[in-house]
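> Generate coordinates for the sequence data below:
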Amino acid sequence: MNKRTCTLATALVTTLALGATGCADGEKSDGSRDRRNPATSTNGSVLGGTPQKGGTLTVLSNQDFSHLDPARNWVMPDMDFGTRLLYRTLVTYSAKPGAKGSELVPDLAEDLGTPSNGAKTWTFRLKPGLKYEDGTPITSRDVKHNVERSFSPDLPGGPDYAARYLVGGKEYRGPAEGRHLDSVKTPDDRTIVFELHTPFAEFPFAATLPTFAPVPPAQDKGPQYDSRPFSSGPYKVDSYARDKQLVLVRNTHWDPKTDSVRKAYPDRIVVTMGLKGNQIDDRLIASSGTDASAVSWAQLRPESISKVLTKADVKARLLAESSSCTEMVQMHTGRAPFDDLKVRQAVQYALDREAIVTAAGGPAVVDASTAAMPGALFARGKQPDTLKIPLSGDAEKAKQLLKEAGKAGGFSTRLTVSMNDKRIGEAIQESLGRAGIKVTIETVDPSAFYDTIGDTKSRTDLVYTGWCPDYPSGSTFLPFVFDGRFIKVKGNSGNHSLFKDDATMKRMDEIAALSDGAQANKAWQDLDGQILAKAPVAPGASKRRTLLIGTNVAGAFGHTSWSGQLDYATVGLKDPSKSAN
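You can find the predicted model right below:
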C-alpha cells in the first residue's frame, strides 16, 4: 500500500470511528457491552465458533429485497447481503465484530485509494486476476459503467454520492445513447480515477457502497438487472422468484486469494421469503430440523422479545447490535398543513416516544431518540436533547400550538409505515390523536416501502422511517436527510420531509468545506439541534437489530457498519451435513 494512502486512510478510520466506539446506551468505551441489558450479552462476539465449509444456509424472511442491483441498493441489510455475497466494491469493511468492523480494507482495489489535488482527485488500481462468474476479467471500465448507470432516471433509489461529488454530476443522466461522465477516467483496464468538484477526504468510505461495484455493459439489462446481478463475488444467482425465493450457489471463478474478507463457507444460500414474522421467530426459537441451519432476515417481532430473553439457551443465539440508525416521523413540509412550523412543532410535542419504545419491543432493544442523528455521531456516544420535550409527549402544548396555527379543532392526515412497524404506527396514531390530529395508517410491504415513500407526488403527508449513516460521520447523515437540493420526484431517499431551507443548506456547505475534522464533527452536532428547531421531523426511536440464529449456525455476528445486520461474509454452519440439501 502506498504510504501516503495508508497514512490518510488510517487517520480517517481513527477519526471517524470514534463515534462508533463511544459510550452508546448499553455499550462501554472499549466496545464491550453492559451485561445488565439481557439483550446485549453476546454483542461483540462471534457466535457458534468457526464454520465448516459446505451445506446450505437458509435465510428466513418476511420480505423480498428492496433492490439487489448495485446501482439501486441503498438499504443497509440489502447492501450487506449484496456486497458480501454477489458483488465486490473498490473498498469494503473488515469482517470483524464490534468497533473493528468500521475498519476499511481494500476489496477490488489494491489499496484504499490515492488522493491528489487536495483530495479532489482519487485514484484506485484494481487487483490483478479479478473475474466475473463466467470467467471474464473485471475491468475499471465496468466500475465506471456502474457509477454512470447510477445516474439513470430509470434506476432510482440508489446511493447518490457520485451525483453529489463528481464533476458534472448535476447535469449527467446516465450512459444511455453513449453518454459518459468525463470525471470518471479509466486510462487502462486496472486504473480508475474520480475527479470531484470539492475535497472529499472520506471518499474511501463512499467507495464501500454498491455504486462502486462493477457491472459489465454486456450484462446490463437496465431495470431487469435487479433480478439477476452478474456476480463478481463468491456466489452467483441460481434462481430468483420475486417475493418467494432466492437461491445462491458458488461462483467458481471467485478467487479467495484476491479476497481477504469473504470466507464463503456454505455451498448454497437459500432465502425463503413471504413468511410471517411470528412464524420466523417461533421456528428459530425451536431451531428443529433444517431450521437449526437458518438465520432470520428481519428483526424479531416485539412480542417475541420476551420469549427469547427468558430462555438462556435461546438468548445465547440472539444478536442485538445497535443499528446506528434513527427513526423519525417525517412531515411533508411542502404541503399544508405541514408547511406551517407550528403544526410541525405540534407533532413533535404530541408524539409519545415511550409508547414507540414499548411498541417496538421495549427498552432492552429500543431507545427513545432525542436527536436526528444517532448517538454514535455525538460526543460520548449519547444524543443531546435540544427540544426538551417529555418522552411521553405533551398533548396540551401540542393543542396550544395547533390553536396558534389556526387548527384549534385539529385535522386529519395519513401516515405510511412499513408493515413491520404497524404497532409503531398505531402508537403514533394514538399519541397524535390525543392532540386532535386524526391519523389514518397506511402499511406497505417492506420490500416496496422505500419506493412508495420515495414517490413524492403520491406519498402521504407523514412517513415513519429512518436513516443510517453510511459511515460514522455527520456528513453522511444530515445532508442526506435535510438537503433540499437533492430531492427527486421518484426514488427520493433520505429527505422524506422534503425540507428545503436555505440557511440549513448554506451551513451544510460551510461545514463540508472545513478541513479540521473535530471542528466539522462539532458543527454537524450543533446543526442537528438547529434543524430540529425548524421541525421537519419528530425524533422517534433508535433500535437494536435483533436477529436470531439456529443452533447449527456458526461464525455469526451483527456487523456495526451494516446497522447490526448479520455479516454474510463469515457466517456458515457447524455441521453442514445437518442442513437442507
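
> Where does residue 491 sit: helix, strand or coil?
Under DSSP: H, G, I helix; E, B strand; the rest coil, residue 491 falls in the coil class.

> Please apply the same query to the one 3 residues further on.
The local conformation at residue 494, judged by three-state DSSP, is coil.

> Helix or strand: which one has the closest residue to it other than its chain neighbours?
In this structure, residue 494 finds its nearest non-sequential neighbour in residue 480, 4.0 Å apart by CB to CB, 6 or more residues apart in numbering. Every residue, glycine included, has its C-beta placed from N, CA and C. Element membership for residue 480 (DSSP states H and E) is helix 478-482.

> list the helices and strands the next helix or strand after that helix packs on?
For helix 478-482, the succeeding helix or strand toward the C-terminus, using DSSP H and E, is helix 502-512. Under the contact criterion of 3 or more CB pairs under 8 Å, 6 or more residues apart in numbering; DSSP states H and E, helix 502-512 touches helix 478-482, helix 517-533.

> Run through who's touching the first one.
Outside helix 478-482, the residues that touch it by CB atoms under 8 Å, 6 or more residues apart in numbering are 164, 372-373, 467, 486, 493-495, 497, 499, 501, 504, 508, 512, 524, 527-528, 531, 536-537.

> Of all the residues in it, which ones are buried?
478, 479, 480, 481, 482 (16 or more other CB atoms under 10 Å).

> for the longest one, same thing?
For helix 517-533, burial by neighbour count (16+ other CB under 10 Å) applies to 517, 520, 521, 522, 523, 524, 525, 527, 528, 529, 531, 532.

> Dump these to CSV, plus distance to residue 93 and pLDDT.
Shown next, in CSV, are the buried residues of helix 517-533 (distance: CB to CB, whole Å; pLDDT from 0 to 100):
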residue, distance to residue 93, pLDDT
517, 20, 86
520, 22, 94
521, 20, 94
522, 26, 96
523, 26, 97
524, 22, 97
525, 24, 98
527, 27, 98
528, 25, 98
529, 30, 98
531, 28, 98
532, 30, 98
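
> quick revisit: could I have the buried ones of the contacts of helix 478-482 as PyMOL selection syntax?
Buried residues within the contacts of helix 478-482, by 16+ other CB under 10 Å, are selected in PyMOL with:
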select buried, resi 164+372+373+467+493+494+495+497+499+501+504+508+512+524+527+528+531+536+537
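
> Kindly format the C-alpha coordinates of the longest strand anywhere in the chain as CSV.
Criterion DSSP state E: the longest strand present in the chain is strand 537-548. Taking C-alpha atoms only, strand 537-548 is exported to CSV below (Å, rounded to 0.1, in the frame of the first residue of the first chain):
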residue,chain,number,x,y,z
VAL,A,537,-39.2,15.7,11.7
ALA,A,538,-40.1,14.5,15.1
PRO,A,539,-37.5,12.1,16.6
GLY,A,540,-38.8,8.6,17.2
ALA,A,541,-36.5,5.8,18.3
SER,A,542,-33.2,4.0,17.9
LYS,A,543,-33.4,0.2,17.7
ARG,A,544,-31.0,-2.6,18.1
ARG,A,545,-31.2,-5.1,15.2
THR,A,546,-32.5,-8.2,17.0
LEU,A,547,-31.7,-11.3,14.9
LEU,A,548,-31.9,-15.0,15.9
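
> helices and strands around it, which ones?
Using 3+ CB pairs under 8 Å, 6+ apart: strand 537-548 touches helix 277-286, strand 294-296, helix 305-309, strand 318-322, strand 326-331, helix 341-350, helix 353-360, strand 366-368.

> Neighbouring strands - and their directions - for the helix or strand following it?
Next in sequence after strand 537-548, counting helices and strands by DSSP H and E, comes strand 553-554. Strand pairing for strand 553-554, using DSSP bridges, gives strand 572-573 (antiparallel).

> Distance from the chain centre to the strand it pairs with, please.
Chain-centre distance of strand 572-573: 24 Å, with CA atoms, centre = their mean, to the nearest Å.

> any idea of the mean pLDDT in that strand?
Averaged across strand 572-573, the pLDDT comes to 98.

> now what about that strand, what contacts it?
Residues contacting strand 572-573 (CB under 8 Å, 6+ apart): 51-55, 57, 263, 265-266, 293, 552-555, 579.

> if you set the cut-off to 7 Å instead, what comes out?
51, 52, 55, 57, 265, 266, 293, 552, 553, 554, 555, 579 (CB atoms under 7 Å, 6 or more residues apart in numbering).

> State the distance from the third one to residue 359.
Relative to residue 359, residue 55 is positioned 38 Å away (CB to CB, to the nearest Å).

> same deal with the first one?
Taken as CB to CB, the spacing of residue 51 relative to residue 359 amounts to 36 Å.

> all strands for the stretch 51-200 of the chain, in order.
Secondary structure of the stretch 51-200 of the chain (DSSP state E, counting those that start in this stretch): strands at 56-60, 91-93, 104-106, 114-116, 121-125, 184-188, 191-195.

> Residue 575 and residue 554 touch, don't they?
No: the criterion here is CB atoms under 7 Å, and residue 575 misses it with residue 554 at 9.1 Å.

> okay, those two: which has more neighbours?
The residue with more neighbours, out of residue 575 and residue 554, is residue 554; 19 against 14, by other CB atoms under 10 Å.

> What residue, apart from its backbone neighbours, is nearest that one spatially?
Closest to residue 554 by CB to CB, 6+ apart is residue 48, at 3.3 Å.

> and that neighbour, how many neighbours?
Using other CB under 10 Å, residue 48 has 21 neighbouring residues.

> With the one 3 residues further on instead?
The burial count assigned to residue 51 is 24, neighbours taken as other CB under 10 Å.

> highest average neighbour count across the helices and strands packed on strand 537-548?
Neighbour counts (mean count of other CB atoms under 10 Å) averaged over each of the helices and strands packed on strand 537-548 peak at strand 318-322, with a mean of 28.
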